[in-house]
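Visitor: Just to be clear, the model below is a prediction. Sequence and coordinates:
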Amino acid sequence: MKVRVLVSLKPGVLDPQGRAVHHALEGLGFAGVDDVRIGRTVELDVADDTSDAALQDMCEKLLANTVIENYRIEKLG
């Protein structure tokens, strides 16, 4: 089974990388971009019988820092 984990910073957590990209976009003349937040995507190929609890455990122990990040698990067809 293919699984995609989307990790993003929680609201209110400063995102220096996002601010740098925002500044660069403005410098290149792109108008209308109000904010930029940078996240990451982790794609896993796991056994079909991998439980939702096991996937959540992977995220909370390694793939996301739950103090400052949110994550969403998507099972792909």
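Guide: Yep, that arrived. Numbers count the residues shown, from 1 in each chain.

Visitor: how many neighbours does residue 21 have?
Guide: 15 (other Cβ atoms under 10 Å). Placement of C-beta: from N, CA and C, glycine included.

Visitor: which is the next helix or strand following the helix or strand encompassing it?
Guide: Secondary structure assignment for residue 21, by DSSP states H and E: helix 16-27. Once the chain leaves helix 16-27, the next helix or strand it forms, by DSSP H and E, is strand 40-45.

Visitor: Next, the buried residues of the helix or strand following that following strand.
Guide: Using DSSP H and E, the helix or strand that follows strand 40-45 towards the C-terminus is helix 52-58. Residues of helix 52-58 classed as buried by neighbour count (16 or more other Cβ atoms under 10 Å): 55, 58.

Visitor: can you pull the buried residues of the helix holding residue 21?
Guide: The neighbour-count criterion (16+ other Cβ under 10 Å) identifies residue 22 as the buried residues of helix 16-27.

Visitor: what about it, average pLDDT?
Guide: What helix 16-27 shows for mean pLDDT is 98.

Visitor: For the remainder of this discussion, apply numbering that starts at 244.
Guide: Noted, 244 is the first residue going forward, which turns the last one into helix 259-270.

Visitor: isn't residue 313 right up against residue 248?
Guide: No: at 10.9 Å, residue 313 and residue 248 do not qualify as touching, with contact defined as Cβ atoms under 8 Å.

Visitor: Now do the shared contacts for these two.
Guide: Contact criterion Cβ atoms under 8 Å, 6 or more residues apart in numbering; residues shared by residue 313 and residue 248: residue 307.
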